[in-house]
Structures are given as structure tokens and as C-alpha cells.
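Colleague: let me see the structure of the following:
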Amino acid sequence: MRYALLFLVAIFLQVVFLHGLFKPGFLAPDLLLIVLLSRAYLIGRDAVLWAILGGSLLDILTDTIGLNLSLYVLSVYLFSLVYERFLFKSFLVFVLPSSVVLLTKKLLALLMMRSKFSFEASFQTFALSWLIEVFAVVGLYFIYLRRKE
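Modeller: Numbering: from 1, shown residues only. Next up is the predicted model:
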């Protein structure tokens, strides 16, 4: 129940607050994906179902049909593949794959949107968004995940 509430709050903050601050909106820090990766860290591949739900809701709310759904499912699945190779849970086992997956998702979204639309996206916005995501992943690990291990 708590996770569902956190899930909905992440969607709300991402759609209402972050998409307004970052232009174009898909470059905004991805709170929902961070929440999904933390769920995948705790329960494994079952988090792909949450990724399908979250991607679908975000696609409906942001009018980007299929983009978020496909990228979230791919990102959570890639994280699960890398994470399952390790026999232990630790800070680096969560943060490094999460950072790589977040960067890969952001690059794929940029490439997909750039192939269809013409827009300006600066490197500074891209880098700032990714750094905010990495700091959020580290904070989430120390605040929540370390206690659940």
C-alpha cells in the first residue's frame, strides 16, 4: 500500500512539477523510474508489471503514446538482468546499474524524440537532469533501501 502511494506521488510530481521545469519535458528527472528501480532492487523482475502500469499512466498523462511504456519496461528489465548477476545487495550494486540504466533511458528517449520532432535540448539540461537522478538514487538508497536489505 505504501509503495502504491509512493508510486502515485512520483507520477504526480513528475507530470505536474518536473515536466514544467525542464524543456523538453521528457528530459526532466525521472522520479517514477527511480521508484521502479528501487522496487526491482527489492522484489526482482516482478517490478516489470509496475513498469507497465507506470509507463501506461505516464503515456496517458503526457500524451506520448508508447514512449514511456516501452522505455520503462526496457529499463527495469535491464536493471533486473544486471542486478540478478550479483549474489549480494550493496550500495554499488544498486547505484551503478541504476545510474547506467537512467542514462541509457534518457539517451534513448532523446534519440527517439529527436527522430520525430525538431526541438532544442542543451547538454547542460541533459547533464543536470541525469545528475539530479543519480543524487536521488543515492538518497533513496540511504534513506529507504538500506533498511529493507
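
Colleague: and the helices in the chain?
Modeller: Counting by DSSP state H, the segments of the chain that form helices are 2-12, 19-21, 31-43, 47-62, 67-83, 91-116, 123-140, 146-148.

Colleague: deepest-packed of these, please.
Modeller: helix 31-43 (a mean of 23; mean count of other C-beta atoms under 10 Å). Glycine gets a C-beta too; all of them are placed from N, C-alpha and C.

Colleague: mind checking how far the most centrally placed residue in the chain is from residue 56?
Modeller: Nearest residue to the geometric centre of the chain (C-alpha atoms, centre = their mean): residue 33, 2.0 Å. For residue 33, the distance to residue 56 under the criterion C-beta to C-beta, to the nearest Å works out to 14 Å.

Colleague: the residue nearest to the centre of the chain and residue 102 touch, don't they?
Modeller: Yes - the pair residue 33 and residue 102 passes the contact test of C-beta atoms under 8 Å, sitting 6.5 Å apart.

Colleague: shared neighbours, these two?
Modeller: Taking C-beta atoms under 8 Å, 6 or more residues apart in numbering as the contact rule, the neighbours common to residue 33 and residue 102 are 75, 133.

Colleague: from residue 68, how far out is the closest residue in space to residue 6 that isn't next to it in sequence?
Modeller: Using C-beta to C-beta, 6 or more residues apart in numbering and skipping residues adjacent in sequence, the residue nearest residue 6 is residue 35, 5.9 Å away. Distance, residue 35 to residue 68, using C-beta to C-beta: 13 Å.

Colleague: now for the two: what residues contact both?
Modeller: Common neighbours of residue 35 and residue 68 are listed as residue 54 (criterion: C-beta under 8 Å, 6+ apart).

Colleague: any stretches of the protein with poor pLDDT?
Modeller: Low-confidence regions of the chain, defined here as pLDDT under 70, cover residues 24-26, 149.

Colleague: the same query, at a cut-off of 50, please.
Modeller: Counting by pLDDT under 50, the chain contains no low-confidence residues.

Colleague: quick revisit: OK, contacts around the residue nearest to residue 6?
Modeller: Residues counted as contacts of residue 35 (C-beta under 8 Å, 6+ apart) are 6, 7, 10, 54.
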